[in-house]
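J.: sequence first, then the predicted structure, then my questions.
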Amino acid sequence: MHHTIEVEHLSFAYPDGRQALRDVSLTVAPGEKTALVGPNGAGKSTLMLHLNGILRPPHGAVRVCGLDVCESNLGQVRAAVGLVFQDPDDQLFSPTVFEDVAFGPLYQGRSEAEVRACVDQALLAVHMRDYAARVSYHLSTGEKKRIAIATVLSMQPEILVLDEPTAGLDPRARRGFINLLRELPQTMLVSTHDMRMVCDLFPRMVIMDEGIVVADGPTDRLMNDAALLETHGLERP
């Protein structure tokens, strides 16, 4: 069985010379839900941007669903990996919710009937089916975040990669969002500062700091290691 995500010896520096990743290796098995935690600047977002080829490594290898993340595979890789940004306004740019969610399947060259079916399924999965005709711009942050997930679900990805999904949500929207993530069947890698969500939802936790994976293991075990958490600026909820 191949791993859904395989990262081997990945290092990356930004053009200004800042070293964001240092020899990162990580595998995520099919169906596994994994939290990525660590202080700001730890390299979490940089790692995520490598998983669908927005950034490409000079050093190391990245494979998703058995595909090398390289120029010739980018179309397949981006269909397999749904990347959801922290700010939904980075993802929503069409006049209506329907058009935002239809963008991916249209781009994949699907027929009109297939596009409609994909959009309907994706909106159903995020409990937003009645919103197809709405204007994304007028939605609440929680609603926008759900639509942003629908825009990647419409391409039927195997993997969801989410950056700070609960940031900016009020308690009720946050709870609803966590329940939504619990329902979705995809393999997940989720970067977050929401340690309570990590305890509730993710059996496995990967801690990054200064571009290095410093710990990787069962959430309950790592959460009980007070010294480890404190060293890397994390708090047990």
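T.: Yes, it's here.
J.: how about the helices of the chain, start to end?
T.: With DSSP state H as the criterion, the chain has helices at 44-51, 74-80, 97-107, 112-125, 141-153, 171-183, 195-201, 219-223, 226-231.
J.: mean pLDDT for the ones you listed: which is lowest?
T.: Lowest mean pLDDT of those: helix 74-80, a mean of 90.
J.: pull out the buried positions in that one.
T.: Using 16 or more other Cβ atoms under 10 Å as the test for burial, helix 74-80 gives Val77, Arg78, Ala79, Ala80. C-betas here are computed from N, CA, C, even on glycine.
J.: repeat that for stretch 172-183.
T.: Ala173, Arg174, Phe177, Ile178, Leu180, Leu181.
J.: now do it: distance to the chain's middle.
T.: 15 Å (Cα atoms, centre = their mean, to the nearest Å).
J.: list the contacts of that stretch.
T.: For stretch 172-183, contacts defined as Cβ atoms under 8 Å, 6 or more residues apart in numbering pick out 33, 125-127, 140-142, 145-146, 149, 162, 165-166, 169, 188, 190, 194, 197, 200-201.
J.: apply 7 Å and report the result again.
T.: Val126, His127, Gly142, Lys145, Arg146, Pro165, Thr166, Leu169, Met197, Asp200, Leu201 (Cβ atoms under 7 Å, 6 or more residues apart in numbering).
J.: so how far is Glu164 from the fourth one?
T.: Think Lys145. 10 Å (Cβ to Cβ, to the nearest Å).
J.: among these two, which residue is more densely surrounded?
T.: Ranked by neighbour count (other Cβ atoms under 10 Å), Lys145 and Glu164 place Lys145 first, with 31 against 18.
J.: go ahead and confirm the more buried one touches Asp89.
T.: No: counting by Cβ atoms under 7 Å, Lys145 stays clear of Asp89, with 10.4 Å between them.
J.: if we can go back for a sec, between the contacts of stretch 172-183, which has the most around it?
T.: Lys145 (31 neighbours).
J.: list the contacts for that one?
T.: Pro88, Pro165, Phe177.
J.: how does it look with 8 Å?
T.: Lys145 touches Val84, Pro88, Pro165, Leu169, Phe177, counting by Cβ under 8 Å, 6+ apart.
J.: what of Arg110?
T.: Arg110 touches Cys118, counting by Cβ under 8 Å, 6+ apart.
J.: ok now stretch 91-107, how far from the chain's centre?
T.: 18 Å.
J.: can you mark which positions in that stretch are buried?
T.: Gln91, Leu92, Val97, Phe98, Asp100, Val101, Ala102, Phe103, Gly104, Pro105, Leu106.
J.: residues contacting the fifth one?
T.: Read that as Asp100. Asp100 neighbours (Cβ under 8 Å, 6+ apart): Gln91, Leu92, Phe93, Ser94, Ser136, Ile147, Ala150, Thr151.
J.: can I get the residues you listed in a markdown table including distance to Met48?
T.: Below are these laid out as a markdown table (distance: Cβ to Cβ, whole Å):
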| residue | distance to Met48 |
| --- | --- |
| Gln91 | 14 |
| Leu92 | 19 |
| Phe93 | 20 |
| Ser94 | 24 |
| Ser136 | 23 |
| Ile147 | 20 |
| Ala150 | 19 |
| Thr151 | 16 |
